[in-house]
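J.: how would this look folded up:
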Amino acid sequence: MSVLRCQGFLEALALLNSEASDLCASYELQRLPAAPDLTTALGLRVEDYALNVIVPARDLPAALWHIAAVPCGRAHLEQVCQRWFFSSDHMQAAPAGRFRAHLVAAFLASLDEVPGDFSLHAVTMMPPMWYAIHWDEIAFELGDERYLLHFSHSD
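T.: Purely as a prediction, here's the structure:
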């Protein structure tokens, strides 16, 4: 997976969606920690998040987050990208139709550069503390290789 190219794309879109807004957009593609399965990898990620990202740092075991990963298809991924790439009033002023479709397609093409067929999983959770105003997460899995696509708005 072309993580570096995808992350640059996501960072640019997060900046555009934060511009002229009081919301801070966070769009990331990150490799999940090594683990025997996807659920464990997602749990390790949120435990690390609680210890290293939130202030004050807290020890919040994965079980407290009520994480679920449900298989989803490419259509769900496209819908999530469409919603988040144009989530702010500022970006909703972008021309509808082909422009938006091409932007989403360009991002998805960068995901498609990896050989193999990643399975997609919509990730849901009920965090035990404040996580973001709203968010969407999709996990990608191919064997032992796992990534998380994270979209969120915070204030």
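J.: rest of the way, CA atoms for contacts and neighbours
T.: Noted.
J.: What distance do you get for the residue nearest to Leu142 when sequence neighbours are not counted to Ala96?
T.: In this structure, Leu142 finds its nearest non-sequential neighbour in Phe118, 4.8 Å apart by Cα to Cα, 6 or more residues apart in numbering. Phe118 sits 29 Å away from Ala96, going by Cα to Cα, to the nearest Å.
J.: Compare the two (neighbour count), which wins?
T.: Phe118 (18 against 10; other Cα atoms under 10 Å).
J.: What does that one show for phi and psi?
T.: phi -70, psi 140 (degrees, to the nearest 10).
J.: what does Ala132 give?
T.: The phi/psi pair for Ala132 (degrees, to the nearest 10) is phi -170, psi 170.
J.: is it true that it touches His150?
T.: No. The criterion here is Cα atoms under 8 Å, and Ala132 misses it with His150 at 11.2 Å.
J.: buried ones in the helix or strand of the chain with the lowest mean pLDDT?
T.: In the chain, no helix or strand scores lower on mean pLDDT, DSSP states H and E than helix 89-92, which sits at a mean of 74. Neighbour-count burial for helix 89-92 flags Met91 (criterion: 16 or more other Cα atoms under 10 Å).
J.: Alright, calling it a day.
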